[in-house]
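Asker: Quick one, fold the following:
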Amino acid sequence: MRLYEGQKGSTLQVVHMDLPLQTERRLEVLGMLEGTKITVVNRKKRGAMIIKIRGTRFAVGESITKSIEVKEA
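Answerer: All right, here's what the predicted structure looks like:
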């Protein structure tokens with residue numbers, strides 16, 4: 001499933017990221033690697049989300065949430 005399908009309060013694990021190289025590297029620097037657990041803090045309209053990675057909150061847009069494959073953790 002894709003990250004944008006995650007429900008508020010759910011914990012998910014990153015399986016694969018299909019993003020432009022620069023965006024993918026930036027997320028890796030912020031701590032989002034394959035196997036990392038993500039908590040969905042809030043969902044906005046049109047796929048944007050606020051997620052928590054290793055204790056830090058991030059807002060990510062629709063194009064990013066639709067490009068990250070996750071599974072239930």
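Asker: Please make it C-alpha for all contacts and neighbour counts, starting now.
Answerer: Will do.
Asker: tell me which residues in the helix or strand harbouring R26 are buried?
Answerer: R26 is part of helix 21-29, with elements assigned from DSSP states H and E. The neighbour-count check on helix 21-29 (16 or more other Cα atoms under 10 Å) flags E24 as buried.
Asker: quick one: strands adjacent to the next helix or strand along the chain from it?
Answerer: Going down the chain from helix 21-29, the next helix or strand is strand 37-43, by DSSP H and E. Strand pairing for strand 37-43, determined by DSSP bridges: strand 11-17 (antiparallel), strand 49-53 (antiparallel).
Asker: Make CSV out of the ones you listed and add mean neighbour count.
Answerer: Shown next, in CSV, are the strands paired with strand 37-43 (neighbours: other Cα atoms under 10 Å):
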stretch, mean neighbour count
strand 11-17, 19
strand 49-53, 19
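Asker: Tabulate the ones you listed (a markdown table), appending mean pLDDT.
Answerer: Converted to a markdown table, those look like this (pLDDT from 0 to 100):
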| stretch | mean pLDDT |
| --- | --- |
| strand 11-17 | 96 |
| strand 49-53 | 95 |
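Asker: any chance of those strands in TSV, plus distance to K66?
Answerer: Shown next, in TSV, are these (distance: least, Cα to Cα, whole Å):
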stretch	distance to K66
strand 11-17	10
strand 49-53	11
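Asker: Outside of stretch 6-13 itself, which residues are in contact with it?
Answerer: 34-43, 70-73 (Cα atoms under 8 Å, 6 or more residues apart in numbering).
Asker: out of those residues, who has the most neighbours?
Answerer: When neighbours are counted by other Cα atoms under 10 Å, V70 leads those with 25 neighbours.
Asker: quick one: that one and R57, what's the gap?
Answerer: 18 Å (Cα to Cα, to the nearest Å).
Asker: Find the nearest non-adjacent residue to V70, please.
Answerer: Leaving aside its chain neighbours, V70 sits nearest to V14 (4.5 Å; criterion: Cα to Cα, 6 or more residues apart in numbering).
Asker: hang on, that neighbour packs against E28?
Answerer: No - with contact defined as Cα atoms under 8 Å, V14 does not count as touching E28 (11.4 Å).
Asker: Among the contacts of stretch 6-13, which one lies nearest to G61?
Answerer: Closest approach between the contacts of stretch 6-13 and G61, by Cα to Cα: R43, at 10.3 Å.
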